[in-house]
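Visitor: Pasted the sequence and its predicted model underneath.
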Amino acid sequence: MDWLRWIIFVVIILAFALSFVMAFILLERRIVGKFQLRPGPNRVGPMGMLQPVADAVKILLKEDITPAKGDRWVHRLAPIVAFAPALLVFAVVPFQGKGPGLGFSLDQPAALADLNVGVLYIVAVSSISVIGMIMAGWASNNKYSLLGAMRAIAQMVSYEVPLVLSIVGIVIASGSLSLNSIVEAQSIPFILLQPLGFLIYFLGATAEINRAPFDLLEAESEIVASYHTEYSGMRFAMFFLGEYAYALGVSAIVSVLFLGGYKFPFGLLPQSFIWFLAKIFLVFFLMLWVRSTLPRVRIDQMMAFAWKFLLPLSLVNLLLVAAEGVSTIGFGWAAVGINVILAIAFVVIWANRFYRVKGVTVG
Amino acid sequence: MIWALLGPELLLAIFALAVILLDLAVKQKGVLAVFSIVGLLGSIGASLALWGTNGIALNNMLVIDKYALFFDVLFAAAAILVILASTDYVEKLKGFQGEYYALILLATTGMMFMASTRELVSIYISLELTSISLYILAGFLKDAKSTEAGLKYLLLGSVSSAVLVYGMALVFGTTGGTHLGVIWNAVKGLNGIADNPTLIMGIVFLVAGFGFKIATVPFQMWVPDVYEGAPTPVTAYLSVASKAAGFAVILRVFFEAFGRAPWLSQSWGMLFAILAAITMTVGNVVAINQTNIKRLLAYSSIAHAGYIMMGLAAVGLMESQLALARSGILFYLAGYGLTNLGAFIAIIAISNNTGSDLIDDYKGMVRRAPVLSLGLAFTLISLTGLPPTAGFVAKIYLFNAALQSGLLWLVIVGVLNSVISAYYYLRVVKTMYLGEPASTERLSSSGPLRVALTASCFGVLFLGVLPNTVIQVTEAIKFLVS
Amino acid sequence: MGLAISFWLLAAAAVGSALAVVLLRNVFRAALLLISCFFAIAGLFVTLGADFLAMVQVLVYVGAIAVLLLLAIMLTREAATGSPFSRWRIGGAIASVALLAAMIAVFRATPWKVADQSVVLKPTTAELGARLLTPESGFVLPFEIASVLLLAAVLGAIVLVKEK
């Protein structure tokens, strides 16, 4: 009955992704509103809960425009290429593990496919989205779109390096590339075991999905709306939804890799997909917090931050994890103590050094 | 034990890293050259210390025999001469001296690995290590000519690498292994082309891929432009070490994997014989019309690749001649290496002063720089193959090996070609000695350059006058075969 | 059976997109089709039971090489019109068809050794790691030389790009 399981999971994932994306859009507007001491959208439905629906209806009714001198086919294809990877990521995310959980028990992990190369799959699939952006930027026949796509490449290629290196630390500690095994390996959540790795991954992923403070792609004052300047209607909606789907994806992956996925911290309560969903909201809230607090970085600062700050630290993190793995320290509470102290020390020292080397240009 | 076997290569890789770090610390960049030479001397020392050991390690992939060690010493010695010759040149590199020396060391490391591995993947990776370092070095000056040289070398080199890998894939697919011993075990069971035509196709691709590295016709078109545009010390290194590395790999691969089945070795032997005849003829005939000395030496290096391929043909056509032909190839590579390095060092010294590589600007050079002119004339005589030089002995020795394998026609072609080559080599000598100098200003040259020129000329003379000492060594060199 | 069908479909897709890459004049679209060719090849690896290799194929070729290629195209003017056909195109076509014919003839005449068991889909990552990094039975030597090669490439990038 493999195919039945597949169909069920595809439906579940689609429903999960779309409903969460809607929820995220609303949450972002409401929470950022609270951060800025204003109410946020609160008119449509109770507490503004129907606002995303109203927005969706509005945007779908708009005219779909293709630039006359653009590359029509590439222009049409771009939003799909940019959006699809966001959904593909969820194929390997485990919602609940094998065995007894809160309320019910499963005879195998609840994931569409528990690939044994799951981590690699996620990295590979998320690298596709940049191609959608490039296609959009090129096909629009608009210099702002093109410049935006250029920025996208620079940003995503640069931040991919520390991002992947921080994941390697997780893979070493858990000894597997399968996301389910990584969750199972977290009797101590990896955020405690590798705080530096978490920091690097979170910052790198924020940059990868172009969220504040790394949202240079959408710096309105500089390049209008970047690669989706020339998009409208349904196709714009796909880019827009895609961004939130990526935010959801990153929240889910951070939850799986660093926060113990569907497990309750330290196993105090039985495992359940509810903990997983709660963690997703937690990570997303963290992103909103960062967005509301920090100003946008400049393009040169952004590159320097990736190559001169995150990359050295991610190498340090990798070396640290590998050394602990081969030594007698292992990955227990002793390592947690060492790593937390070292992480704070490294960040402080490196930040100071970084600041001095670059003078006042670093945010 | 394994660390000791890897000694020569490992030492160079470590020194390459150390040079980069040292580059950050020292203001006086001459230190870097000294440091690199120390590393190369250490590598030579390690090779000599290993001399006579027959070591196999790392899953049978690394093989340390006299053959590998001979090439280790040859590459390191060539690199030392090139670094000495670069001392004036690096002024033009504006702050990239550390990278320059490091890349030379890394290229040498790659060549050493090429000579001391007998597994196709390792051969390919070390060949790429060499090639990528050399692509960068060819474009190091970043002016129009140098960039063109680097780009051309990169593009054509990548295509040839692709062909090579495709050939390796076919050989792997039909024999089930990338290790030369495994391939030979599969080849042993075949009786003729009809048993496995895909293997033959793979071998043809291998010849094409390696042929690019040693610059045989028809894979020679990159040579003149790259040699002309690249920084002259890099050109010298390309023409000597890169070529020698190519021959080192070809001889080992073709003998160990495909050389002991007569039906197969006859065919590739004949292929190399025909390629040799075409290569030397094309190289020499086109060289006649050259007005730029670097282009002239580029075509001359193509011609010499043709002469050396006679040795490969001799091995292929008659397995019993392996010892003589191999010794001939090794001696030729050593003699040609010293000679060509000497010629290029003299050219570097002259063009550093005159700023020109045109042969016309060499008129009356003997009055402006008697020692340099003498050195250049001497090395050109050696390239022609006249006594009392290394080139003379090397040619006689290698032609003899070809004769023993029944390649009389090829030897006749070789001799005719040597006569043609005498014309354009000696024309340069004539220009230097009989022409009217454009100015009477004396040329200056730096100490390291003079040391390098003296060393290579002395080496050429030594090999020409007392060849037996070296021939005894090369004749004792065997490679381990499984 | 399903695997065989997907194999041939993906193979056709790979060859088709590769042909389009060569024949299209619009360089940007050619690059996009090159990406689809890479994907088809990754799919081929999956059907052959090489899951790790398939992911690496997507990661390296699509995520890195293709992006670099597209970036280079975006920096080039007049990319949409493409390069004019070279005067060698007829000769080139004849040569490639001849090579193709020769290869088909050669491959058909070769008695290939065929593995007797069908493709087994099982994890390959651990085995690949062991094959690469066991000194006694693996490919340690090329693996380590590759690290030196990367060092040379990094040095090259610095030298060629940076102005001092």
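Guide: Yes, it's here.

Visitor: And the helices in the stretch 251-400 of chain B?
Guide: In the stretch 251-400 of chain B, the segments counted as helices under DSSP state H, counting those that start in this stretch are B:262-287, B:293-317, B:322-354, B:365-368, B:370-384, B:390-404.

Visitor: Which of the ones you listed sits closest to residue B:434?
Guide: Taking CB to CB, helix B:365-368 is the member of the helices of the stretch 251-400 of chain B nearest to residue B:434, at 8.8 Å. In this view, the C-beta of every residue, glycine as well, is placed from N, C-alpha and C.

Visitor: Just the buried positions in that closest one, please.
Guide: Using 16 or more other CB atoms under 10 Å in any protein chain shown as the test for burial, helix B:365-368 gives B:365, B:366, B:367, B:368.

Visitor: before we move on, back to that, would you single out the least confident of the helices of the stretch 251-400 of chain B?
Guide: Among the helices of the stretch 251-400 of chain B, helix B:365-368 has the lowest mean pLDDT, at a mean of 85.

Visitor: chain center to that one: distance?
Guide: The chain centroid and the centroid of helix B:365-368 are separated by 30 Å under CA atoms, centre = their mean, to the nearest Å.

Visitor: ok, now stretch A:244-258?
Guide: 5 Å.

Visitor: Just give the nearest non-adjacent residue to whichever residue of chain C sits closest to chain A, would you?
Guide: Nearest to chain A, among the residues of chain C, is residue C:63, at 2.9 Å (CB to the nearest CB). Closest residue in space to residue C:63, ignoring its immediate chain neighbours: residue A:127 at 2.9 Å, by CB to CB, 6 or more residues apart in numbering or on different chains.

Visitor: Next, give phi and psi for that neighbour.
Guide: Dihedral pair for residue A:127: phi -80, psi -10, per degrees, to the nearest 10.

Visitor: Surely it and residue C:61 touch.
Guide: No: if you go by CB atoms under 8 Å, residue A:127 and residue C:61 don't touch, sitting 10.1 Å apart.

Visitor: burial count for the residue nearest to residue C:63?
Guide: Residue A:127 has 23 neighbours, counted by other CB atoms under 10 Å in any protein chain shown.

Visitor: again with the one 5 residues further on
Guide: By other CB under 10 Å, the residues close to residue A:132 number 25.

Visitor: what element comes up after the helix or strand encompassing residue A:253 heading to the C-terminus?
Guide: Using DSSP states H and E, residue A:253 falls within helix A:233-258. Downstream of helix A:233-258, the first helix or strand assigned by DSSP H and E is helix A:273-293.

Visitor: any idea of the angle that next one forms with helix A:233-258?
Guide: Here helix A:273-293 runs at an angle of 110 degrees relative to helix A:233-258 (axes from the mean of the first three to the mean of the last three CA atoms, to 10 degrees).

Visitor: in chain C, which ranges drop under the pLDDT threshold?
Guide: Within chain C, the set of residues satisfying pLDDT under 70 comprises C:77-85, C:116-121, C:164.

Visitor: What segments of it are helices?
Guide: C:2-23, C:27-47, C:51-57, C:67-74, C:89-109, C:125-133, C:140-161 (DSSP state H).

Visitor: can you put those helices in JSON lines and add distance to residue B:263?
Guide: Listed next are the helices of chain C as JSON lines, based on distance: least, CB to CB, whole Å:
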{"stretch": "helix C:2-23", "distance to residue B:263": "35"}
{"stretch": "helix C:27-47", "distance to residue B:263": "36"}
{"stretch": "helix C:51-57", "distance to residue B:263": "36"}
{"stretch": "helix C:67-74", "distance to residue B:263": "45"}
{"stretch": "helix C:89-109", "distance to residue B:263": "17"}
{"stretch": "helix C:125-133", "distance to residue B:263": "34"}
{"stretch": "helix C:140-161", "distance to residue B:263": "31"}
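
Visitor: What is the neighbour count of residue A:293?
Guide: With other CB under 10 Å as criterion, residue A:293 counts 10.

Visitor: what about the residue nearest to it when sequence neighbours are not counted, distance to chain C?
Guide: Take residue A:293 and drop its neighbours on the chain: the residue closest to it by CB to CB, 6+ apart is residue A:35, 7.9 Å away. Plainly put, residue A:35 is 35 Å away from chain C if you go by CB to the nearest CB, to the nearest Å.

Visitor: Then residue A:148?
Guide: In terms of CB to the nearest CB, residue A:148 sits 11 Å off from chain C.

Visitor: which one of the helices of the stretch 251-400 of chain B is the most hemmed in?
Guide: Compared across these, helix B:293-317 shows the largest average neighbour count, a mean of 27 (mean count of other CB atoms under 10 Å in any protein chain shown).

Visitor: Tell me who's in contact with residue 156.
Guide: No chain was given, so I picked chain A. Residues in contact with residue A:156 (CB atoms under 8 Å, 6 or more residues apart in numbering or on different chains) are A:127, A:130, A:207, A:208, C:67.

Visitor: meant chain B actually
Guide: B:212, B:221, B:222.

Visitor: Wait, a helix at it?
Guide: Yes: under DSSP: H, G, I helix; E, B strand; the rest coil, residue B:156 falls within a helix.

Visitor: And the furthest pair within the contacts of residue A:156?
Guide: Of all pairs in the contacts of residue A:156, the most separated under CB to CB is A:207 and C:67 at 15.6 Å.

Visitor: all strands of the stretch 51-200 of chain A, in order?
Guide: Secondary structure of the stretch 51-200 of chain A, counting by DSSP state E, counting those that start in this stretch: strands at A:99-100, A:105-106.

Visitor: anything in the one helix or strand residue B:182 maps to near chain C?
Guide: Secondary structure from DSSP H and E places residue B:182 in helix B:180-188. No: counting by CB under 8 Å from any CB of the partner chain, no contacts exist between helix B:180-188 and chain C, the nearest distance being 9.6 Å.

Visitor: Okay, now the unreliable bits of chain A?
Guide: Using pLDDT under 70, chain A drops low at A:1, A:217-225, A:354-363.

Visitor: how close does residue C:34 get to residue A:205?
Guide: 28 Å (CB to CB, to the nearest Å).

Visitor: possible to save the helices of the stretch 251-400 of chain B as TSV with distance to residue B:92?
Guide: Shown next, in TSV, are the helices of the stretch 251-400 of chain B (distance: least, CB to CB, whole Å):
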stretch	distance to residue B:92
helix B:262-287	28
helix B:293-317	16
helix B:322-354	10
helix B:365-368	22
helix B:370-384	20
helix B:390-404	31
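
Visitor: quick one on the thing from earlier: the residue of chain C closest to chain A touches residue A:163, doesn't it?
Guide: No: taking contacts as CB under 8 Å, residue C:63 lies outside contact range of residue A:163: 11.6 Å.
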